[in-house]
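In: here you go, sequence then predicted model.
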Amino acid sequence: MIGKIIKSENFRATLKYVLQKEKGELIGGNMGGRSVNELSDEFLLIRGLRPNLKKACSHIILSIPHRDDYHEHLDDERFTEIAERWLEEMGYSGSQYAIARHHDTNHEHLHIIANRIRPDGSVVPDSFDHTRSQVVTRKLEHEFELEPTPCANEKIAQRLRAEGIEVTVSDRKSPTQRQTHHESGKPSVKEQLQEAIDRASRDKPTMTQLIGRLQRQGVKVHPTFSTKGLFREAIAFELDGVKIAGNKLGKAYSFPGLQRKRGVSYECDRDMKAIKKAAVGELIPQRQRKKKPQIELD
């Protein structure tokens, strides 16, 4: 079982992605709401206890194996039990959470949206949470008799062996962007994103046009919103699963830089609809050119 943790500022945008996606369904949680708006309002009530905490929304994805020769299966009740145990072991006891299951891929997986702020105003710590999650998922695999996943390193394996859980260590490491570039001979993701943005902004388009063009090149656009749903005029880009903030690509690729240095035109009233769509992963349709009327010749 693999656990992925994503922390963000925006509960509503996360809920929209998780619950409004095709073949997604809410299967568990400890909240009264069922819709995006109802759940978002509940989360924000507690979120208001710690207004200075930047990233209060935890989005956790738990997935189990699917291969040509093996497919692991869990029913909703069992998968929910595992999700709740994960939350407990990671310190989310008492926190608000909602659990949804997606059926859009062959490998079974679910999404947990949890509040890092507890009802008493305390905060779930996130120090070394990716490492701690590996320990917890290995323990849950052992307890629920799931196929074991190799540990990322020997240190994690030693912690588990000390508790009587026999594990293996993966001999694979995720390549860095520089390694990927060197080994494949292709430009790095950073360079590919810069090139894609340069190409999409060559004729000084509107922000709506730029987002649509990038999406059609396979680039995901991630605008940043505050906890109150206000656009922060900050943007990130994602290609092949690698997400990079615009200002990390260079001054010309931050949201203000796109306007000043690349000539992209931004008007809030005109472009906000596209920005909000991009935030929840919706595609911006390509504008159809009007055909010139044909002139009939006598």
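Out: Nice, I can see it.

In: quick one: distance of the helix or strand hosting Gly257 to the chain centre.
Out: Gly257 is part of helix 255-260 when elements are defined by DSSP states H and E. Mean-position distance between helix 255-260 and its chain equals 24 Å (CA atoms, centre = their mean, to the nearest Å).

In: could you dump it to CSV, C-alpha only?
Out: Extracted in CSV, the C-alpha atoms of helix 255-260 (Å, rounded to 0.1, in the frame of the first residue of the first chain):
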residue,chain,number,x,y,z
PHE,A,255,2.1,35.4,-12.2
PRO,A,256,3.3,39.1,-12.2
GLY,A,257,6.3,38.1,-14.4
LEU,A,258,4.0,36.6,-17.1
GLN,A,259,2.4,40.0,-17.4
ARG,A,260,5.4,42.2,-17.2
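
In: check which helices and strands the host helix or strand of Ile27 is in contact with.
Out: Ile27 belongs to strand 24-29 when assigned by DSSP H and E. With contacts taken as 3 or more CB pairs under 8 Å, 6 or more residues apart in numbering; DSSP states H and E, strand 24-29 sits against helix 76-89, strand 97-102. The way it works is simple: take the backbone N, C-alpha and C, and place the C-beta from them, glycine included.

In: got the angle for the helix or strand just after it vs strand 97-102?
Out: The helix or strand immediately downstream of strand 24-29 is helix 36-47, counting by DSSP H and E. Counting by axes from the mean of the first three to the mean of the last three CA atoms, to 10 degrees, helix 36-47 lies at 150 degrees to strand 97-102.

In: helices and strands around helix 36-47, which ones?
Out: Judged by 3+ CB pairs under 8 Å, 6+ apart, the packing partners of helix 36-47 are helix 11-20, strand 109-115.

In: 10 Å - rerun?
Out: Here helix 36-47 touches helix 11-20, strand 24-29, strand 97-102, strand 109-115, going by 3 or more CB pairs under 10 Å, 6 or more residues apart in numbering; DSSP states H and E.

In: so which of the ones you listed gets nearest Lys228?
Out: For the helices and strands packed on helix 36-47, the distance to Lys228 is smallest for helix 11-20, at 10.0 Å, taking CB to CB.

In: what packs against that closest one?
Out: Helix 11-20 makes packing contacts with strand 24-29, helix 36-47, strand 57-63, strand 97-102, strand 109-115, strand 220-225, helix 268-279 when contacts are defined by 3+ CB pairs under 10 Å, 6+ apart.

In: hey, which of these is tucked in deepest?
Out: strand 109-115 (a mean of 24; mean count of other CB atoms under 10 Å).

In: ok, back up a step: the helix holding Gly257 - what's its average pLDDT?
Out: Throughout helix 255-260, pLDDT has a mean value of 95.

In: following the worst-scoring helix or strand of the chain on mean pLDDT, which helix or strand comes up?
Out: When the helices and strands of the chain are compared on mean pLDDT, DSSP states H and E, helix 177-184 comes out lowest with a mean of 49. Later in the chain than helix 177-184, the nearest helix or strand by DSSP H and E is helix 189-200.

In: report the buried residues of that following helix.
Out: For helix 189-200, burial by neighbour count (16 or more other CB atoms under 10 Å) applies to Val189, Lys190, Gln192, Leu193, Gln194, Ala196, Ile197, Ala200.

In: quick one: it to strand 220-225, angle?
Out: Using the same axes, to 10 degrees: helix 189-200 against strand 220-225 is 90 degrees.

In: so what's the nearest residue to Gln192 once chain neighbours are set aside up against?
Out: Of all residues not flanking Gln192 in the chain, Leu239 sits nearest, at 5.8 Å (CB to CB, 6 or more residues apart in numbering). Leu239 is in contact with Val189, Lys190, Gln192, Leu193, Ala196, Leu214, Gln217, Gly218, Val219, Lys220, counting by CB atoms under 10 Å, 6 or more residues apart in numbering.
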